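# got a sequence here, can you model it:
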Amino acid sequence: MLNINTKAVSDSEAIESLAIDENQGVALVEFQNGGKYTYRNVAKSAFSNLLEFTDQSIGGWVNNNLVDNKEVTFDYGYTA
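Residues are numbered from 1 along each chain as shown. The predicted structure is shown next:
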């Protein structure tokens, strides 16, 4: 699991922490409100985009690639 430092990438009003596992296609997200989610079936290209473009909004990335992506499934809590 690779932890993404949300403060180093871009300050986020919505995301407290983000960890990714490119090989498993899994992302662990903790929101500022304390909600924790495990997202599965995340595309490798989404991870590459996150790591390559470090000035993008983490909240925007989470919304576009996890929350609003019909191919991605999620569980409440960390289940990875």
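# next secondary structure element downstream of the helix or strand bottoming out on mean pLDDT in the chain?
Taking mean pLDDT, DSSP states H and E as the measure, the chain has helix 6-9 as its least confident helix or strand, at a mean of 49. Later in the chain than helix 6-9, the nearest helix or strand by DSSP states H and E is strand 15-21.
# may I have that next one as PDB, with CA atoms only?
Only the C-alpha atoms of strand 15-21 are listed here, as PDB (Å, rounded to 0.1, in the frame of the first residue of the first chain):
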ATOM      1  CA  ILE A  15      -9.900  13.900   2.000                       C
ATOM      2  CA  GLU A  16      -8.000  13.200   5.200                       C
ATOM      3  CA  SER A  17      -5.900  10.300   3.800                       C
ATOM      4  CA  LEU A  18      -5.500   8.200   0.700                       C
ATOM      5  CA  ALA A  19      -3.600   5.000   0.300                       C
ATOM      6  CA  ILE A  20      -3.400   3.000  -3.000                       C
ATOM      7  CA  ASP A  21      -2.300  -0.400  -4.100                       C
END
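# name the next helix or strand downstream of it, please.
Using DSSP H and E, the first helix or strand after strand 15-21 is strand 26-31.
# in its sheet, which strands sit next to that next one, and in what direction?
strand 15-21 (antiparallel), strand 36-40 (antiparallel) (DSSP bridges).
# out of these, flag the one nearest N63.
strand 15-21 (9.8 Å; CB to CB). C-beta coordinates here come from the backbone N, C-alpha and C atoms, glycine included.
# what residues sit buried inside the host helix or strand of L50?
Assigned by DSSP H and E, L50 falls within helix 44-52. Neighbour counts over helix 44-52 (16 or more other CB atoms under 10 Å) mark 46-47, 50 as buried.
# now swap in stretch 66-77 and tell me
66, 69, 72.
# show residues contacting the helix holding L50.
Contacts with helix 44-52, where a contact means CB atoms under 8 Å, 6 or more residues apart in numbering, come from 4, 20, 22, 25, 56, 61, 65, 69.
# now those in CSV, with pLDDT and distance to Y39?
Converted to CSV, the contacts of helix 44-52 look like this (pLDDT from 0 to 100; distance: CB to CB, whole Å):
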residue, pLDDT, distance to Y39
I4, 66, 13
I20, 91, 9
E22, 90, 13
G25, 94, 9
Q56, 84, 17
W61, 94, 12
N65, 97, 9
N69, 96, 8
